[in-house]
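In: Structure for the following, please:
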Amino acid sequence: MKLGAFSISLSVKDLSASQAFYETLGFSLFAGDHAMHYLIMKNGDTLIGLFENMFEGNIITFNPGWDQNAQNLEDFDDVRTIQQHLKSQNIALTTTVDESTSGPGSFTFVDPDGNVILIDQHR
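Out: Down below sits the predicted model:
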């Protein structure tokens, strides 16, 4: 499966403090907006999403159709194809994307250790 760009989405309490912390580690602002309560920080090919009070816990995120620079990939597996594959492997999904649609969509599931995984296609 081609899962696309990988990042970790962190639930943070203070967006400005988290931004300053990750900047000391060499990350710089890539995308996002303080007014929207999220920032995407980048260091090389490593992406960390900082989300202030948006969800509980941290989330492993994959973006089908994007590379690590949020540029469109020509060849990728659609989120619905990935969902169908996981269902066929008896992976329990916690949310699903409507398979009769096309374009943007997302779904979530949990790994054996309780880590939430988000497959989030933006195009």
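In: Residue nearest the middle of the protein, spatially speaking?
Out: T61 (2.9 Å; CA atoms, centre = their mean).
In: wait, Q84 sits on T96?
Out: No: assessed by CB atoms under 8 Å, Q84 is found out of contact with T96, at 10.3 Å. Every C-beta, even on glycine, is put in place using the N, C-alpha and C of the backbone.
In: How much space separates the residue nearest to L25 when sequence neighbours are not counted from M36?
Out: Leaving aside its sequence neighbours, L25 sits nearest to N43 (CB to CB, 6 or more residues apart in numbering; 6.9 Å). Noted for N43: a distance of 22 Å to M36, by CB to CB, to the nearest Å.
In: who's more crowded, these two?
Out: Between N43 and M36, counting by other CB atoms under 10 Å, N43 is the more crowded of the two (14 against 11).
In: List the residues that contact that one.
Out: Contacts for N43 (CB atoms under 8 Å, 6 or more residues apart in numbering) come out as 22, 25-28.
In: Then F62?
Out: F62 neighbours (CB under 8 Å, 6+ apart): 3-6, 117-120.
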